[in-house]
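Undergrad: Got a sequence here, can you build the structure:
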Amino acid sequence: MVSQEQRRRQLAREKFLRQQQRRTSARRKARTRNAAIASALGVVLIGSVALYATGAVGGDDDKTNANAEVTPSASASGKAPDPCDKPAAGKATTQTWKKEPAMAIDKSAKYTMKLSTTCGEIDIALKASAAPHTVNSFHFLAGKGYFDHTKCHRLTDQGIYVLQCGDPQGTGAGGPGYTIPDENLKDKSLAGNVYPAGTVAMANQYNAQTGQGRNTGGSQFFLVYQDSQLPPDYTPFGTVSEAGMKVLKKIADAGAQPMDPATGNTAPNATVVIDKATVTES
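TA: Coordinates of the predicted model:
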């Protein structure tokens, strides 16, 4: 005959086993879900550096998935004081467009993009003649206030060194609703498969393993703050000024947060918000 104490211990053991089974099952499901997301949006290995999809899949909206963009990424850690100011009052736009804007820039002219951020001003000399579709798109989007009040949602500080911005959602899943073609992938500055410090380039959905995802740039872009080994798959369309590089270094020195498993992002510790973006002909 089983005593009351033995019965109590048996029930406790059974409860413990059930809890362990539930936890194991939950971990297995999470791994499967993350693997499926990575597979669906593209996983590319470059040496020891992973390029993975920036966009979190929100529901079954194909347009949302199409706007998710890929850029170099690596896990990061460390916490430093926030060196940046509070964002200006206002909210990011949710406006999208069905097609790429008509060409409205002079390809032979010089253009500059100014990012007035919470961490300082970043001036970027744009390559209109080499990447006209990209520069024209940024000219259009900046004129619509598309980048205003948007967070720079990713900072990588291992293997490759970039700050990624340009998504009003702040998750890596957002975009303007249209895509633009890849351009300038044979730029002489990319010699040796290195994106040199100061390069500004487009994020996209290209997957080198499958060869799919060309011409999928939208609004997300990344600023290289230290020479980074990358294949020439990302449209280089601008160069950061010397003063702008000091701002990027300040942001990078503050480090990045641990990877968010929901989005795959390693957000900067610094509060990097583009208060205002302007593109002007110079």
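
Undergrad: ok but residue 137 is inside a helix, no?
TA: Yes - looking at residue 137 with DSSP: H, G, I helix; E, B strand; the rest coil, it is inside a helix.

Undergrad: neighbours around it, how many?
TA: Residue 137 is flanked by 27 other residues according to other C-beta atoms under 10 Å. Every residue, glycine included, has its C-beta placed from N, CA and C.

Undergrad: Could you pull up the contacting residues of it?
TA: Residues near residue 137 by C-beta atoms under 8 Å, 6 or more residues apart in numbering: 100, 101, 176, 180, 219.

Undergrad: Report the separation between residue 162 and residue 201.
TA: 8 Å (C-beta to C-beta, to the nearest Å).

Undergrad: hey, what's in contact with both of those two?
TA: 222, 224.

Undergrad: Okay, strands next: where are they in the protein?
TA: Along the chain, counting by DSSP state E, strands occupy 43-46, 49-53, 70-72, 111-117, 120-126, 150-151, 154-158, 160-165, 194-195, 199-202, 221-226, 228-229, 236-240, 273-281.

Undergrad: Now distance to residue 246 and mean pLDDT too, for these, in JSON lines please.
TA: Below are the strands of the chain laid out as JSON lines (distance: least, C-beta to C-beta, whole Å; pLDDT from 0 to 100):
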{"stretch": "strand 43-46", "distance to residue 246": "28", "mean pLDDT": "28"}
{"stretch": "strand 49-53", "distance to residue 246": "25", "mean pLDDT": "34"}
{"stretch": "strand 70-72", "distance to residue 246": "22", "mean pLDDT": "57"}
{"stretch": "strand 111-117", "distance to residue 246": "12", "mean pLDDT": "98"}
{"stretch": "strand 120-126", "distance to residue 246": "8", "mean pLDDT": "98"}
{"stretch": "strand 150-151", "distance to residue 246": "21", "mean pLDDT": "98"}
{"stretch": "strand 154-158", "distance to residue 246": "16", "mean pLDDT": "96"}
{"stretch": "strand 160-165", "distance to residue 246": "13", "mean pLDDT": "98"}
{"stretch": "strand 194-195", "distance to residue 246": "19", "mean pLDDT": "98"}
{"stretch": "strand 199-202", "distance to residue 246": "16", "mean pLDDT": "98"}
{"stretch": "strand 221-226", "distance to residue 246": "10", "mean pLDDT": "98"}
{"stretch": "strand 228-229", "distance to residue 246": "18", "mean pLDDT": "98"}
{"stretch": "strand 236-240", "distance to residue 246": "10", "mean pLDDT": "98"}
{"stretch": "strand 273-281", "distance to residue 246": "17", "mean pLDDT": "98"}
